[in-house]
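> Sequence plus the predicted model coming up.
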Amino acid sequence: MPDLLIECIPNFSEARRPEVVEAILSSIVAVPGVCVLDRHSDLDHNRTVITYIGHPSAVAEAAFRSISKASQLIDLNQHTGQHPRIGATDVVPFVPISGVTMQECIELARNLGQRVANELNIPVYLYEEAATRPDRQNLENIRRGEYETLKEEIGTNPTRTPDFGPSQLGPAGATVIGARQPLIAYNIYLSTDDVTIADQIARAVRNSSGGLRFVKAMGVLVEGRAQVSMNLTNYRQTPIARVVEMVRREATRYGVSIHHSELVGLIPQEALFQAATWYLQLDGFELAQVLELRLADSLKSLTEEKIPIEAHRFLDELARGNPTPGGGSASAYAGAMAAGLVAMVARLTIGKKKYANVENQMWPIIDQAEVLRTELTEAVQKDAEAFDAILAANRLPKITAEQQTARLQAIEQATIHAAEVPLHVARNAVSIMELALRVSRIGNLNAISDVGTAAMLAIAAIKGAGLNIRTNLKSLQDPSPHESIFLELNKLEEYAAKMENSMGQILKERSGLSLPL
């Protein structure tokens, strides 16, 4: 199984036009690194649910492309169906599977929401774990009144203002994006076509009207038969067998029975084991008694090799006897680590009751830190390439006067560029220091040493970049035309020194720590 794996289960408001469903599906499978596990289309609901997994970045890209494709092909003004909906792409949940935390899924949802709003001009609401308000954790609250009501209220009712995007609906409607735990979409068909009975049973079993915890339910008519359509949001707390038996008993009150049931999408095997254990009354059952699971564990132990942890490739390259990568790349690398630590401390602050009042300040810090981390990581390679360009210029022929002139010009241009790259590193490192100061003042106190480390790494990045800038520019025959670079560098270093002093004061005030000299 890959180290990082996320499941995405987008719901689209279309099932009756196969060519539309295929086009949306194609937009997903076209993204490398994505694997579609399941698709389910219901004609009565006029809704398609696609389940796929992959690396977080690939999953998010596939989600964006599918939302874009659905917005082009589905017009909510023409849509009808049994299932509530507010958008062409109605809901997009992210579920952590392997090596990924719920916090990372929340960030993925937020980033996708911003992108959908900015590039597709579609209103976006965040729900479940990614919700920005308690009343938006529940999907039903966001979908109240469906597309038609939201279209009237989104621009006039402040409670319906989207988290991202315009306060008006186009034909594609709005999209709800979030992060949640695994959910079981489970429908029970009754031996009647009287949908009012399904409504009564749904009311009895769902949590919102006094029924079972972690159960959402509604009554609908599907294929001429009354159906209790349910979402089980925590199968560990409310097992599927308990839900089935409550529906069965409620149905008996009305003189009907369960005809059959169905799954929409996938179900964790643990939920099936729970049901089997309950119905068979296997009170002492253990998973190790399942033949296939025991076999899989045995085969894994036979084939699994102990792979030693290797040092980062960059560090190996840095230690070799080559001139690149060198100090400039190392400075950028230090800055990238500083950005990573700032993002880490901000993430450790989010979700903690003690810091609930500053949570909204942490999200933009995370976003900015990640942008800086990306740019500084890219600068590691850019700095090496810049110095390689100086070496290449020095190797140019210099036999004729023209060649000598061209060579000197090439050296000068390459040298100036080799100074511009670390200057950009220094600017970014200063920005990291600013973020580190903000986090150190209000962030999680348990991680105060981490943000202090981030500040020290940022200072190292600034000083290392400055040393490379001065070395490169002073190698020029006439560095005076580039005096502005020296002036900017001096200002950056002075500003960084002031922030370093401020960081020392904050550390002392909040934790009694002091920065090393």
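Alright, I've got the coordinates.
> Strands of the stretch 51-200 of the chain, start to end?
Secondary structure of the stretch 51-200 of the chain by DSSP state E, counting those that start in this stretch: the strands cover 89-98, 124-128, 175-179, 184-190.
> Mean neighbour count, mean pLDDT and distance to Asn360 for these - can I get that in a markdown table?
Heads up, the C-betas are built off the backbone N, CA and C, glycines and all. Listed next are the strands of the stretch 51-200 of the chain as a markdown table, based on neighbours: other Cβ atoms under 10 Å; pLDDT from 0 to 100; distance: least, Cβ to Cβ, whole Å:
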| stretch | mean neighbour count | mean pLDDT | distance to Asn360 |
| --- | --- | --- | --- |
| strand 89-98 | 23 | 94 | 21 |
| strand 124-128 | 26 | 96 | 13 |
| strand 175-179 | 28 | 97 | 17 |
| strand 184-190 | 21 | 95 | 32 |
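> Any idea which of those gets closest to Pro268?
Nearest of the strands of the stretch 51-200 of the chain to Pro268, taken as Cβ to Cβ: strand 184-190 at 7.6 Å.
> And the contacts of the closest one?
Strand 184-190 is contacted from outside by 49, 197-198, 201, 222, 225-232, 235, 240, 243-244, 247, 251, 256-265, 267-268, 271, using Cβ atoms under 8 Å, 6 or more residues apart in numbering.
> just checking, which of the residues you listed belong to strands?
49, 222, 225-232, 258-264 (DSSP state E).
> Buried subset of the residues you listed, written for PyMOL?
A single PyMOL command suffices to select whichever of the ones in strands among the contacts of strand 184-190 are buried according to 16 or more other Cβ atoms under 10 Å:
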select buried, resi 49+222+225+226+227+228+229+230+231+232+264
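> rewinding a little: reformat the strands of the stretch 51-200 of the chain as a markdown table; add distance to Gly81.
As requested, those are exported to a markdown table (distance: least, Cβ to Cβ, whole Å):
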| stretch | distance to Gly81 |
| --- | --- |
| strand 89-98 | 10 |
| strand 124-128 | 20 |
| strand 175-179 | 16 |
| strand 184-190 | 15 |
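> Glu104 is nearest to which of those strands?
strand 89-98 (7.1 Å).
> That closest one - contacts with which helices or strands?
strand 5-8, strand 11-12, helix 56-73, helix 102-120, strand 175-179 (3 or more Cβ pairs under 8 Å, 6 or more residues apart in numbering; DSSP states H and E).
> what does the fourth one rub up against?
Counting contacts by Cβ under 8 Å, 6+ apart, the residues outside helix 102-120 that touch it are 6, 56, 59-60, 63-64, 67-68, 71, 92, 94-96, 122-124, 126, 129-130, 162-166, 172, 175, 177-179, 181, 347, 350-351, 363, 366-367.
> same check, this time on stretch 293-301
Identification of contacts with stretch 293-301 by Cβ under 8 Å, 6+ apart yields Leu287, Ala288.
> For that stretch, output the C-alpha coordinates as CSV.
The C-alpha coordinates for stretch 293-301 follow below in CSV (Å, rounded to 0.1, in the frame of the first residue of the first chain):
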residue,chain,number,x,y,z
LEU,A,293,-6.5,-12.4,6.8
ARG,A,294,-4.3,-14.9,8.4
LEU,A,295,-2.9,-16.0,5.0
ALA,A,296,-2.3,-12.4,4.0
ASP,A,297,-0.3,-11.7,7.2
SER,A,298,1.7,-14.9,6.7
LEU,A,299,2.6,-14.1,3.1
LYS,A,300,3.5,-10.5,4.1
SER,A,301,6.0,-11.7,6.7
